[in-house]
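Student: output the structure for:
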Amino acid sequence: MLFETLIIAFLMVVAIVLVLLEIFMLPGITVAGVGGFLFAAGGLIYAYSVSVWMGNITLGVSLLVFIASFAWLLRSKSFNRVALKTDVDSKLVSSRDLGIVPGDEGITLSRLAPIGKARIKGITVEAKSMDELIDEGTPVEVMRVDGYNVLVKRKNNS
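Tutor: Okay, here's the model as predicted:
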């Protein structure tokens, strides 16, 4: 009976560790999550094969240990060293808010095929060609400003 209890305890501890590792450290469904599920299923099946009483105790104790470990890990600062903590504090500014209006002129910084970068009034913006591909370094004229898109066309040299 002692040997069977040790086997069940080992299987359930490994299952709990793998599932917690899956939840807190590994993104998506990985080998740890599948392995944790298989170890838990194997431990419970083995416990219930020993006796129903042993299976019920294993299920109850395993759930309590898992919930306690999960709560402790959520509250502790254990994963602060490995967790992603990047905050995005930038915001997207509309081209209209930058003061770009139809008729302004600029130059392409990259090829517009049909979208690329252009510098208009000294400001680098994302520009969209209205009708053709425009090579880098080509003078352009703003035709329309739609929110975050600046629609441009090749500047006429006449």
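
Student: pull out the buried positions in the helix or strand containing Ile23.
Tutor: Using DSSP states H and E, Ile23 falls within helix 2-24. Applying a neighbour-count criterion of 16 or more other Cβ atoms under 10 Å, the buried positions in helix 2-24 are Ile8, Leu11, Met12, Val14, Ala15, Ile16, Leu18, Val19, Leu20, Glu22. From N, CA and C alone the C-beta is placed, and that goes for glycine too.

Student: out of those residues, who's nearest Met130?
Tutor: Lowest distance from Met130 to these (Cβ to Cβ) belongs to Glu22, with 50.0 Å.

Student: could you find the closest non-adjacent residue to the closest one?
Tutor: If you skip the residues right next to it in sequence, Glu22 has Gly33 as its closest partner in space, 3.7 Å away by Cβ to Cβ, 6 or more residues apart in numbering.

Student: and if you look at Gly106?
Tutor: Closest residue to Gly106 apart from its sequence neighbours, by Cβ to Cβ, 6+ apart: Ile120 at 3.3 Å.

Student: okay but the one you found is in contact with Lys155, surely?
Tutor: No. Using Cβ atoms under 8 Å, Ile120 is not in contact with Lys155, being 11.4 Å away.

Student: surely Glu4 meets Tyr48?
Tutor: No. The pair Glu4 and Tyr48 fails to qualify as a contact (Cβ under 8 Å) at a distance of 11.7 Å.

Student: hang on, the earlier thing: if you count what's nearby, which of Ile120 and Lys155 comes out ahead?
Tutor: Ranked by neighbour count (other Cβ atoms under 10 Å), Ile120 and Lys155 place Ile120 first, with 24 against 15.

Student: what residues are up against Lys121?
Tutor: Contacts for Lys121 (Cβ atoms under 8 Å, 6 or more residues apart in numbering) come out as Leu98, Gly99, Ile100, Asp104, Gly106.

Student: pull the number of nearby residues for Leu112.
Tutor: Here the count is done by other Cβ under 10 Å, and Leu112 has 25 residues near it.

Student: how's the protein carved up into domains?
Tutor: 2-75, 105-154 (automatic domain parsing).

Student: so can I have CSV of the ones you listed showing mean pLDDT and distance to Lys91?
Tutor: Converted to CSV, these look like this (pLDDT from 0 to 100; distance: least, Cβ to Cβ, whole Å):
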stretch, mean pLDDT, distance to Lys91
domain 2-75, 91, 27
domain 105-154, 88, 11
